[in-house]
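[1] only the shape, not the letters, is given here:
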């Protein structure tokens, strides 16, 4: 099938693109290795495959298991960052940097060299600092409630919830994140007690959302912070652009450069197999397939995004 | 003055935008510190200020010293990468990575950890590997001649040349680059003798070009590898996208994330005070002002780009 | 006063040497900076100064506050290592290395590069692993009771005890050690829960001993593992030599090389201002003065040891 | 055979100890892997095995190939350090540190973190700095002539010479050392041109000496800097003790801790398979066997030293 490239968006047959992508990527179904550090992720059916696209004019196209919730894991870091940026503003950057780390997601080396200031909010240590700021002067429970509420409103779907089993497993298997949190705390970079902060962090990673919910909830990031369907201003254009640039340069750990090339869109992957990508001025795309490549990004998910961007010309570099 | 944002490109008053930007940035003239490691860079008039924009339809707008050649330094890495990618293709990535380094431009730490394979072609060690590939089975003189010839054709300007004094100074002050080159060589990652490779590297850094020449020469990068004025295919869409994604994620050393946020365009800076940026589908922008910020990027140049992108909405994240 | 050098030990006027040393070092009393990370250490009188020497024939010489207990801190690592080596033998080296780290006492960088195996048992991470082995299949309370009992027997002094206030303060201020422990645990290198292990670690650091007790308790290390006064075999010659070589190469963090030169004896310092040194075949020396040098070693204490080794010729290099 | 341990030195049957050691270690002959980075080292007969002991009273015992010259490689660092310490004194420590590096011999990481000041004079970068100081205001040829002359006088043997073939091979295979030297130079830590300094460094590594010559030449290090046979003062007691402490803590790269434990004597190994050890107050021991263990130390050589120290009780920790 020949797809129109770089034409007018209104002429795009979105259903056809998504169908073509889904059929193409089905041969990759089950490839890669699922995350195995907690049973809840390991026991997910490896053949799950889902695509959801939501455009600014409200058009939505789904394929595969796009309505089935999965553990969004690190994708949650995008939303806590968005909430916290709006709350505390630029002083957040005194506590966490904005540069690619060049290291795996859980590296502690730079944290030592840079005295407890994580490189960016999308690596684990940085997201832990953001979780602390999300608590602020309130409680962990209030912080996580605010996040879930935000996602429900943005996705127009009240069913979004935390998978408590996953959250508990995350905490039990969380020695490395616990180490990172205490390390950051040792440099005075947490306002709240470590276990309080981690209870937010582990729960935000355990949020379960479907591809449809993810794409819908993040649509405002494609339109300078304004939800194009409801017209609500969710964040400032400045914060929106900051989030997108962080996603493009740091969204996939030490695989971010390659993702930027292959997909050419700001994105964030999670070890649950989900990837969220934003096409500025166009819409949001979420994919899910549990098998991961060596860098911890969904293998089939990345192939799907590559195919779709090839077909639509949505790469920011085209 | 109110500038139209995100409108049709054909309606844009390019002259007005460039004039406004130039006037705005004049207050930053002379700010920052010039590179001082070689006399030729230190003695450049710190008040130099230049902007050049070339669009796909051939419209060109200049301001300030846009016709005056300056030392392009690391901006040259973009062009050698382009030439070498076309010559050797994807096997280049066996010799140099494609990820942000999270380290200063001349760091040797990752080089040791990764056994002589530089993180990306835009840090010094990576550009040295690219220089070696540019020589290939030929000579250093032939390689540098090919590069200069390429730039003259692309810029439609036969006057482009190497500043031999700068090249000699670079070599004399080049202990750290010499160390990097020998380090890479120790891991078998250079095909040619170190001094041969460095003679290309130091001379490519010493190429003198004006902002107008830089913007014109790189225009093909904004159009999937095709020069929109001559219609020539300069490189493949794939190589073009790879170059742009590397510029966005790695073009400004450990300041790349911040540049991506502030400017939102693929770019490459040089310690001579030049910055080249590409607006995909639109055109190329080159700025020059010798005073550098702490990360080694032109201070006034970055402010100018920020202003212009704000006015035109060219950020890839908007 | 002229002191005999390198003569027969039986001819040595030990009292005279200790008196001379004490008088000489009094001018350094109060120099340096006390540890300030916990109030209990910060409020110690900075003018405290103590020397105790115990020789193999039982001769003992004391000066200053040699009977006053202070927080032995990291000196305790020598004794837990001794106990654990006897219990588990050479398999300890599967869990902790035996090489100098070249890094500060609490660095986490090598721990990441070496996958959770600390460089040696005398840096914090290594001592945490040793604490875990001291617990073994028993409880933290039993482990700490065993250690205290061991010290009481060895020092022939039942008054030795843990300063519970210091232990509690250590735990409260222990974010970095907590981070190290969770990091080690993340690599499966702890058999017991992190807080259980830390409760041993923080309490062993909070043991209070006088210089006299310290020197007496460690006398067996100067005689191939046999207490020369009671005749008891405390550890094997092999374990004894291993402990001494670790003290010489790693006993003072990133100041170990300088200590080896200046003093020329195996030693271990603690941030409480104590230093324990062993003169093989001769005896044990303990000094105490709370002011630390930049490397965290007692400033006056090191001067005293240097003076005494100069006078007696006890350096292993002479 | 039972050997007397810890008895009077004058009662020691040195010949018997050396014979026993030689016979014991013969089963290790040919074990390990020879250095292979240059042909001259690779083609040495792997079955070579040699022991030489020279005591303070002049007694000398030899076994195996103890009169056959071999490439002393890094053992030369001990002698250049001795010469340079006497020439420039303590200001040497402004240019090179005195602490264990915790890293392999050729690591460049710490060099970057510590701005071109090598950790100690016994790693390659540090020895390069010492070579530069040996040149001083003179020439490379003069420096190397001074070193060879020093060794001839100390060994009472005018036949000691540089193996020019090895020196040339070292230079050709010296990319990593060349990188280290340029790196150090980049921080202003070399007074002479890099290739001049390296020509000293590579030639000092290519000095050929027999075990007998090595042990005799270094005898002064066992006696506070005074040659016990000629009575000459070669260096100060202070410099002597500094050299020995550096040998004990840093003499075997990242295997120094283990060597300190197993042998318990200050030593220096070379990749040619030689090991020099000093027994303070007793004498000097040199062994040679080309097969290396994983840390680059002679495998059979280390076993021989362990056996001999066990038999004689010469360990500084016993």
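    On my side now, so go ahead. Nothing here was measured: the structure is a model prediction, and the numbers come from that model. Numbers count the residues shown, from 1 in each chain, chains lettered A, B, ... in the order given.
[2] need the phi and psi values for residue A:279.
    Dihedral angles phi and psi of residue A:279 (degrees, to the nearest 10) take the values phi -100, psi 100.
[3] over to residue A:151?
    Main-chain torsions, residue A:151, degrees, to the nearest 10: phi -70, psi -40.
[4] burial count for it?
    When neighbours are counted by other C-beta atoms under 10 Å in any protein chain shown, residue A:151 registers 24. Bear in mind the C-beta positions are built from the backbone N, C-alpha and C, glycine included.
[5] isn't it right up against residue A:220?
    No: with contact defined as C-beta atoms under 8 Å, residue A:151 does not reach residue A:220; the gap is 12.0 Å.
[6] next one, pLDDT for the residue nearest the centre of chain A please.
    The centroid of chain A falls nearest to residue A:75 when counting by C-alpha atoms, centre = their mean (2.1 Å). On the pLDDT scale, residue A:75 is placed at 98.
[7] got the contact list for it?
    Neighbour list for residue A:75: A:214, A:268, A:269, A:270, A:274, A:275, A:276 [criterion: C-beta atoms under 8 Å, 6 or more residues apart in numbering or on different chains].
[8] strands - which of those land there?
    Those of the contacts of residue A:75 mapping onto strands are A:268, A:269, A:274, A:275, A:276, per DSSP state E.
[9] from those, which two are the most distant?
    Using C-beta to C-beta, the pair of these lying farthest apart is A:268 and A:274, separated by 8.7 Å.
[10] can you count the residues close to residue A:196?
    By other C-beta under 10 Å, the residues close to residue A:196 number 18.
[11] confirm it sits in a helix?
    Yes: the assignment for residue A:196 is a helix, going by DSSP: H, G, I helix; E, B strand; the rest coil.
[12] wait, it sits on residue A:138?
    No: counting by C-beta under 8 Å, residue A:196 stays clear of residue A:138, with 10.5 Å between them.
[13] now residue A:37: how far from residue C:90?
    Distance of residue A:37 to residue C:90, given as C-beta to C-beta, to the nearest Å: 31 Å.
[14] surely residue A:9 meets residue A:313?
    No: using C-beta under 8 Å, residue A:9 makes no contact with residue A:313, being 10.1 Å away.
[15] ok, residue A:216 - contacts?
    Taking C-beta under 8 Å, 6+ apart as the criterion, residue A:216 is in contact with A:52, A:54, A:60, A:154, A:155, A:156, A:157, A:284.
[16] which of those residues has the most neighbours?
    Within the contacts of residue A:216, residue A:54 tops the neighbour count with 28 neighbours, counted by other C-beta under 10 Å.
[17] and it, which of the three is it?
    Look at residue A:54: counting by three-state DSSP, its state is strand.
[18] then residue A:63?
    Put simply, residue A:63 is strand when judged by three-state DSSP.
[19] ok, what's across the strand from residue A:298?
    Per DSSP bridges, the residues bridged to residue A:298 are residue A:292.
[20] that one: what's it in contact with?
    A:32, A:269, A:273, A:274, A:275, A:287, A:288, A:289, A:290, A:291, A:292.
[21] by mean pLDDT, point me to the weakest helix or strand of chain A.
    Using mean pLDDT, DSSP states H and E, the weakest-scoring helix or strand in chain A turns out to be helix A:109-113, at a mean of 78.
[22] what residues does chain A put near chain B?
    With C-beta under 8 Å from any C-beta of the partner chain as the criterion, chain A comes near chain B at residues A:97-103, A:110, A:119-120, A:224, A:237, A:240-242, A:244-246, A:248-250, A:254-258, A:260-261, A:264, A:266, A:280-281, A:315-318.
[23] of these, list those near chain D.
    Applying C-beta under 8 Å from any C-beta to the residues of chain A next to chain B, none is adjacent to chain D.
[24] of these, grab the buried ones for PyMOL.
    The buried residues among these can be selected in PyMOL (16 or more other C-beta atoms under 10 Å in any protein chain shown) with this line:
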select buried, chain A and resi 97+98+99+100+101+102+103+110+119+120+224+237+240+241+242+244+245+246+248+249+250+254+255+256+257+258+260+261+264+266+280+281+315+316+317+318
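[25] burial count for the closest residue in space to residue A:37 that isn't next to it in sequence?
    Using C-beta to C-beta, 6 or more residues apart in numbering or on different chains and skipping the chain neighbours, the partner closest in space to residue A:37 is residue A:173 (5.2 Å). Residues within reach of residue A:173, counting by other C-beta under 10 Å, total 17.
[26] I'd assumed residue A:36 was in contact with residue A:173.
    No: using C-beta under 8 Å, residue A:173 makes no contact with residue A:36, being 10.1 Å away.
[27] three-state assignment of the nearest residue to residue A:63 once chain neighbours are set aside?
    Nearest residue to residue A:63, sequence neighbours excluded (C-beta to C-beta, 6+ apart): residue A:22, at 3.8 Å. Secondary structure, three-state DSSP: residue A:22 is helix.
[28] give the contact list for residue A:22.
    Applying C-beta under 8 Å, 6+ apart, we find residue A:22 in contact with A:49, A:51, A:63, A:64, A:304.
[29] ok, which stretches of the stretch 201-318 of chain A are helices?
    In the stretch 201-318 of chain A, helices defined by DSSP state H, counting those that start in this stretch lie at A:211-217, A:237-250, A:256-262, A:299-312, listed in chain order.
[30] mean confidence for the third one?
    Model confidence over helix A:256-262 averages 91 on the pLDDT scale.
[31] chain center to it: distance?
    Mean C-alpha position of helix A:256-262 versus that of the full chain (C-alpha atoms, centre = their mean, to the nearest Å) differs by 15 Å.
[32] which residues touch it?
    Counting by C-beta under 8 Å, 6+ apart, A:100, A:248-252, A:267, A:269, A:295, A:297, A:302, A:305-306, B:97-100, B:120, B:241-242, B:245-246, B:248-250 sit against helix A:256-262.
[33] domain assignment for chain A?
    Annotated domains of chain A cover A:9-70+A:210-312, A:74-205 [automatic domain parsing].
[34] where does the stretch 101-250 of chain A have low pLDDT?
    Within the stretch 101-250 of chain A, the ranges that satisfy pLDDT under 70 run A:102-106.
[35] tell me the residues of it that contact chain C?
    Proximity of the stretch 101-250 of chain A to chain C (C-beta under 8 Å from any C-beta) is limited to residues A:107-109, A:111-113, A:175-176, A:178-183, A:185-186, A:194.
[36] ok, residue A:185 - contacts?
    Listed by C-beta under 8 Å, 6+ apart, the contact set of residue A:185 reads A:194, C:175, C:179.
[37] is it true that the second one touches residue A:189?
    No: with contact taken as C-beta under 8 Å, residue C:175 and residue A:189 are classed as non-touching, separated by 10.3 Å.
[38] for chain D, what's its nearest residue on chain A.
    For chain A and chain D, the shortest gap (C-beta to the nearest C-beta) falls at residue A:113, measuring 8.4 Å.
[39] ok, and the closest non-adjacent residue to that residue?
    Spatial nearest neighbour of residue A:113, chain neighbours left out: residue C:109 (7.8 Å); criterion: C-beta to C-beta, 6+ apart.
[40] contacting residues for that neighbour?
    By C-beta under 8 Å, 6+ apart, residue C:109 lies in contact with A:108, A:109, A:112, A:113, C:103.
[41] now do residue A:280
    By C-beta under 8 Å, 6+ apart, the residues touching residue A:280 are A:222, A:244, A:266, A:316, B:316, B:317, B:318.
[42] pick the one among the residues you listed closest to chain C.
    Among those, residue A:266 lies closest to chain C (C-beta to the nearest C-beta), at 28.7 Å.
[43] from what I can see that closest one touches residue A:277, true?
    Yes: using C-beta under 8 Å, residue A:266 and residue A:277 qualify as a contacting pair, with a distance of 6.7 Å.
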